[in-house]
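Asks: I need the structure of the sequence given here:
(2 chains)
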There are 2 protein chains.
Amino acid sequence: MSSSSQNYLKIGIIGFGPFAQFLVKTMIKQGHSITATSRSDYNDLCNQLGVSFFRDMNAFLESNNDVILLSTSILSLSQVIKSLPLNCLRKPTLFVDVLSVKEYPRDLMLQVLPSDSDVLCTHPMFGPESGRHGWKDLSFMYDKVRITNEATCSSFLQIFASEGCKMMEMTCEEHDKLAARSQFLTHTIGRVLAEMKVEPTPIDTKGFQKLVEVSANKDYMQKESTSRDSFDLFSGLFVHNRFAQQQLREVELAFETVKQQLLREDERGAGTQLNHFAADNDKFSQMKTFLFTYGFLPSFSDVIWNC
Amino acid sequence: MSSSSQNYLKIGIIGFGPFAQFLVKTMIKQGHSITATSRSDYNDLCNQLGVSFFRDMNAFLESNNDVILLSTSILSLSQVIKSLPLNCLRKPTLFVDVLSVKEYPRDLMLQVLPSDSDVLCTHPMFGPESGRHGWKDLSFMYDKVRITNEATCSSFLQIFASEGCKMMEMTCEEHDKLAARSQFLTHTIGRVLAEMKVEPTPIDTKGFQKLVEVSANKDYMQKESTSRDSFDLFSGLFVHNRFAQQQLREVELAFETVKQQLLREDERGAGTQLNHFAADNDKFSQMKTFLFTYGFLPSFSDVIWNC
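Replies: Predicted coordinates for the structure are as follows:
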């Protein structure tokens, strides 16, 4: 699509949390007209940004939008979409979602929305932190699930293309397979490190510094308002991406494999060092603790206990 | 120590693998005189670098070094140090190690080396990849375990200080505690991701890109010649750092906590969505697979099987 064909759109946003606020700044900069509605009252913020905020969903849907952008949490989408007073829509509308899973909103939208409305599933693979200096070269995934009005759809996609995003067209299924292995896996490792309260040390290697960044994933935190919202995003990635369960299982199996490799090495190393143990009670005591902790191989334990 | 007090040292290196080769280039640039010995024959490479290579350990020890730098693998240190013909030493010498664990080489050196030799334990927290554009602001840990000749020790430390390293003096115990939580943890996560064969996708987030870098840790790979050597380093970090076992256990517990959080959310989510299952056989079948995979809570399973 050439840049000359860009049209200004009237975009209505449902769910005005941090991620929608982040997207909206670029849309406004490009000249689009924005309305919004949300569970919480964002009237003052919307006034500052130049966005028309509606508390009443009927009035919001009646306001004649070309595009309705669903920017709710994954976990609340079902409830939100099923409670829309769709009879208030004035015309066929392009519905777009920006959730981090894709098959789930696709199925919900196809099930609930009027058949004369178009459906575009998208996932901007960035957020307030990684996109704070612009969107150039950041990936934008989309799937034209049900599009009859090509012009409106193209104008919407142009919002991201014109900022330099890498426009990745793929099916929702393909997205969910890849995202389970990338985004969900990253969040899982980040959660594990956060659970361990991993923090910088005075002797960090570069590799560890990257891990600390993963653990304090700012996009992830800034996409949601509170840590509860942030956990909702993580659990949404798991509950509503059918490929995530397998990835969780794979992490567990891979960890078990690595652990067993280490324990075998430790057994081998300790086996060759038995002679040192008599003069090294401290290490012997560590070894006992270790064997207890891991329920170590009995054959090896026998050797140790009898030495 | 002022830069005017820097003296040129005669440094003998035991173990001339990739990490020693990396360190030596800066030492030579600074004007120090280097000899080396190693299990493998590095004669040609040493000739190119301007290093005197000895195949014979007696001749190496007789060559009157001010400093002997131990740059073996963790797993081979014990064998190497115990087979040194120490009677060949011509004078009291400063022994330095650069291993990624510190209590273990400290104990070995104090046990084996002559009491008139000095012992300095060090760990440059960088490698051929992270240090390829210089060592400025990279951490260098050291512990002056037994130093009588302060001048030689200071001249050796100055090699790193003058390149701009952050000079971190701490005990070997303190190092091992911190490194178990940073370097060993990083290697563990990297190994888990490598075991999963994690690779870039067309829709990577920035966070995931960092994880891929951790998984393909180039310092880690380049510190050792082969993937077997690289695994030896990893298992050395585990077997010879008494704090590593606890960290492995903590990763496992943290993963288990995160997994249980997800499973609880999934149970809750699925519980509220039971009404959808009748019309959604595909998801029902996924759920059964999932319940089977994880040996899910029986009370919840009962609800599902009976619906």
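
Asks: mind listing what the spatially most central residue of chain A touches?
Replies: The residue lying closest to the centre of chain A (Cα atoms, centre = their mean) is residue A:100, at 4.8 Å. By Cβ atoms under 8 Å, 6 or more residues apart in numbering or on different chains, the contact set of residue A:100 is A:74, A:123, A:179, A:183, A:233, A:236, A:237. Bear in mind the C-beta positions are built from the backbone N, C-alpha and C, glycine included.

Asks: alpha carbons of the helix or strand where the last one lies, as PDB, please.
Replies: Taking DSSP states H and E as the definition, one finds residue A:237 inside helix A:227-239. The C-alpha trace of helix A:227-239 is given here as PDB (Å, rounded to 0.1, in the frame of the first residue of the first chain):
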ATOM      1  CA  SER A 227       1.600  -6.800  39.400                       C
ATOM      2  CA  ARG A 228      -1.700  -8.600  39.500                       C
ATOM      3  CA  ASP A 229      -2.500  -7.500  36.000                       C
ATOM      4  CA  SER A 230       1.000  -8.600  35.000                       C
ATOM      5  CA  PHE A 231       0.400 -12.100  36.400                       C
ATOM      6  CA  ASP A 232      -3.000 -12.100  34.600                       C
ATOM      7  CA  LEU A 233      -1.100 -11.500  31.300                       C
ATOM      8  CA  PHE A 234       1.300 -14.400  32.100                       C
ATOM      9  CA  SER A 235      -1.500 -16.800  33.000                       C
ATOM     10  CA  GLY A 236      -3.500 -15.600  30.000                       C
ATOM     11  CA  LEU A 237      -0.500 -16.600  27.800                       C
ATOM     12  CA  PHE A 238      -0.700 -20.000  29.400                       C
ATOM     13  CA  VAL A 239      -4.400 -20.700  29.700                       C
END
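
Asks: part of a strand, is residue A:152?
Replies: No. Residue A:152 is assigned helix when assessed by DSSP: H, G, I helix; E, B strand; the rest coil, not a strand.

Asks: quick one, helices of the stretch 101-250 of chain A?
Replies: Secondary structure of the stretch 101-250 of chain A (DSSP state H, counting those that start in this stretch): helices at A:103-112, A:150-161, A:172-179, A:185-195, A:206-215, A:218-223, A:227-239, A:244-272.

Asks: and the first one, which residues are buried?
Replies: Of the residues in helix A:103-112, A:103, A:104, A:105, A:106, A:107, A:108, A:109 count as buried by neighbour count, 16 or more other Cβ atoms under 10 Å in any protein chain shown.

Asks: between helix A:227-239 and it, find me the angle.
Replies: Relative orientation of helix A:103-112 and helix A:227-239, computed by axes from the mean of the first three to the mean of the last three Cα atoms, to 10 degrees: 80 degrees.

Asks: flag every residue of the stretch 1-150 of chain A that's near chain B.
Replies: Selection of the stretch 1-150 of chain A residues close to chain B by Cβ under 8 Å from any Cβ of the partner chain yields A:75, A:78, A:123, A:125, A:126, A:129, A:130, A:139, A:141.

Asks: so who does the third one touch?
Replies: Contacts here follow Cβ under 8 Å, 6+ apart; on that basis residue A:123 touches A:98, A:99, A:100, A:102, A:140, A:141, A:142, A:175, A:179, B:203.

Asks: can you check the fifth one too?
Replies: Neighbouring residues of residue A:126 by Cβ under 8 Å, 6+ apart: A:135, A:138, A:139, A:219, B:205, B:206.

Asks: for the first one, grab the count of nearby residues.
Replies: This points to residue A:135. 22 (other Cβ atoms under 10 Å in any protein chain shown).

Asks: next: the third one.
Replies: Applying the criterion other Cβ under 10 Å, we find 19 residues in the vicinity of residue A:139.

Asks: likewise the second one?
Replies: Summarising burial for residue A:138: neighbours were counted as other Cβ under 10 Å, giving 20.

Asks: in terms of pLDDT, where does the residue nearest to it when sequence neighbours are not counted sit?
Replies: Leaving aside its sequence neighbours, residue A:138 sits nearest to residue A:126 (Cβ to Cβ, 6 or more residues apart in numbering or on different chains; 4.2 Å). The score at residue A:126 is 92. That number is its pLDDT.

Asks: what does the one 5 residues further on give?
Replies: The score at residue A:131 is 92. That number is its pLDDT.

Asks: for it, give me its contacts.
Replies: Residue A:131 neighbours (Cβ under 8 Å, 6+ apart): A:22, A:124, A:138.

Asks: ok, back up a step: in JSON lines: the contacts of residue A:123, plus pLDDT and distance to residue A:243.
Replies: Below are the contacts of residue A:123 laid out as JSON lines (pLDDT from 0 to 100; distance: Cβ to Cβ, whole Å):
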{"residue": "A:98", "pLDDT": "97", "distance to residue A:243": "19"}
{"residue": "A:99", "pLDDT": "96", "distance to residue A:243": "15"}
{"residue": "A:100", "pLDDT": "95", "distance to residue A:243": "13"}
{"residue": "A:102", "pLDDT": "98", "distance to residue A:243": "11"}
{"residue": "A:140", "pLDDT": "97", "distance to residue A:243": "21"}
{"residue": "A:141", "pLDDT": "98", "distance to residue A:243": "15"}
{"residue": "A:142", "pLDDT": "98", "distance to residue A:243": "19"}
{"residue": "A:175", "pLDDT": "98", "distance to residue A:243": "10"}
{"residue": "A:179", "pLDDT": "95", "distance to residue A:243": "8"}
{"residue": "B:203", "pLDDT": "91", "distance to residue A:243": "13"}
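
Asks: now the residues you listed in JSON lines, with distance to residue B:35?
Replies: Shown next, in JSON lines, are those (distance: Cβ to Cβ, whole Å):
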{"residue": "A:98", "distance to residue B:35": "63"}
{"residue": "A:99", "distance to residue B:35": "63"}
{"residue": "A:100", "distance to residue B:35": "58"}
{"residue": "A:102", "distance to residue B:35": "62"}
{"residue": "A:140", "distance to residue B:35": "58"}
{"residue": "A:141", "distance to residue B:35": "58"}
{"residue": "A:142", "distance to residue B:35": "63"}
{"residue": "A:175", "distance to residue B:35": "58"}
{"residue": "A:179", "distance to residue B:35": "55"}
{"residue": "B:203", "distance to residue B:35": "53"}
